[in-house]
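# Here's my sequence, what's the structure:
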Amino acid sequence: MGGPISILGLQTFIPGPFLRAPLGAVLLLAITRFEKARIIGARALQIAMGAPILMDDAVGVVDPMTIAMREFERGHIPITVKRLVNAVH
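All right, here's what the predicted structure looks like:
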């Protein structure tokens, strides 16, 4: 599973089984449940609007949310999450 990369004070989550990071990057292997929900929801909306499905074995599945969850679990979703490190709210 992927994880966030911290470069110059920004963390970028890269979903997927393979994580490549530049030298000196801080790697964390967790995203929040809110980020996960946002990623899956955004991908389900894309699929519902006609975006191509990124899995080969989605034959017969018609629910965009189910397809998006399967894509997320397999690391096929090309969506990143950027967050500030040590941000003061």
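
# quick one: buried residues of the longest helix seen in the chain?
Across the chain, the helix with the greatest residue count (assigned by DSSP state H) is helix 33-48. If you call a residue buried by 16 or more other Cβ atoms under 10 Å, then helix 33-48 has these buried ones: I39, I40, R43, A44, Q46, I47. From N, CA and C alone the C-beta is placed, and that goes for glycine too.

# Using CSV, write down the CA coordinates of that helix.
Taking Å, rounded to 0.1, in the frame of the first residue of the first chain, the C-alpha atoms of helix 33-48 are listed here in CSV:
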residue,chain,number,x,y,z
ARG,A,33,-10.5,7.8,7.3
PHE,A,34,-11.7,11.2,6.0
GLU,A,35,-9.1,11.2,3.2
LYS,A,36,-10.0,7.7,2.3
ALA,A,37,-13.7,8.6,2.1
ARG,A,38,-12.9,11.6,0.0
ILE,A,39,-10.7,9.7,-2.4
ILE,A,40,-13.3,6.9,-2.8
GLY,A,41,-16.2,9.3,-3.1
ALA,A,42,-14.4,11.4,-5.7
ARG,A,43,-13.4,8.3,-7.8
ALA,A,44,-17.0,7.0,-7.6
LEU,A,45,-18.3,10.3,-8.9
GLN,A,46,-15.8,10.1,-11.8
ILE,A,47,-16.9,6.6,-12.6
ALA,A,48,-20.6,7.6,-12.5
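
# From the contact counts, what lies against it?
Counting contacts by 3 or more Cβ pairs under 8 Å, 6 or more residues apart in numbering; DSSP states H and E, helix 33-48 packs against helix 64-74, strand 81-84.

# Quick check: which of the ones you listed is buried the most?
helix 64-74 (a mean of 17; mean count of other Cβ atoms under 10 Å).

# what mean pLDDT does it have?
For helix 64-74, the mean pLDDT works out to 94.
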